[in-house]
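S.K.: Build me a structure from this.
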Amino acid sequence: MSPWLQAAAAGAVAAAVWGLLEPLDQRVFRFPYSDIALLGKLVTRGPAWKQAGWIVHLANGAIAGLVFWAVYEWLGGNAFWLAVSFAMIEHLLTYPLTMLTDRFHPARGAPELPPMARSGRAFAQATFRHLVFGVVLGLLVSL
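M.R.: Numbers count the residues shown, from 1 in each chain. Here you go, the predicted structure:
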């Protein structure tokens, strides 16, 4: 398999693991935020929001896998640790965008989309999710 295809597939699988863990981490962090809802309810407010959210989430994971692979080819090094670092850096760079989703997302206020920007629980939950993504991505691209 081409390393690019492997990276895209690894990113999609890592995103799937993230999505499947959402119900568990929502209980652990006692915060109801869902990335699947954020993405799905951005695409549609209808009954298919969950399916749309999964499709966009998996596509985002595949794209992240490709971006990771481009960075890996540029920097080299240990693919596992670079994947974990990549995911955590992406988290830290994009988390401030929660200020925009808190204010402008069309479904803001829905139970799965509580305000996040000033929530320590939300930040911890997002950190956990990105760590899981990075670990799974790193394991799969290192095979």
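S.K.: how about the helices in the chain?
M.R.: 3-28, 35-43, 49-75, 79-94, 98-104, 120-141 (DSSP state H).
S.K.: Any chance of a markdown table for those helices, columns distance to residue 113?
M.R.: All C-beta spots, glycine's among them, are computed from the backbone N, C-alpha and C. Below are the helices of the chain laid out as a markdown table (distance: least, Cβ to Cβ, whole Å):
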| stretch | distance to residue 113 |
| --- | --- |
| helix 3-28 | 12 |
| helix 35-43 | 6 |
| helix 49-75 | 11 |
| helix 79-94 | 16 |
| helix 98-104 | 7 |
| helix 120-141 | 11 |
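S.K.: Can you check which of these gets nearest to residue 111?
M.R.: helix 35-43 (8.4 Å; Cβ to Cβ).
S.K.: who touches that closest one?
M.R.: 18-19, 22, 48-54, 56-57, 60, 101, 105-107, 110, 112-113, 129 (Cβ atoms under 8 Å, 6 or more residues apart in numbering).
S.K.: so how many other residues sit close to residue 6?
M.R.: Residue 6 has 15 neighbours, counted by other Cβ atoms under 10 Å.
S.K.: What distance do you get for it to residue 137?
M.R.: According to Cβ to Cβ, to the nearest Å, residue 6 stands 11 Å off from residue 137.
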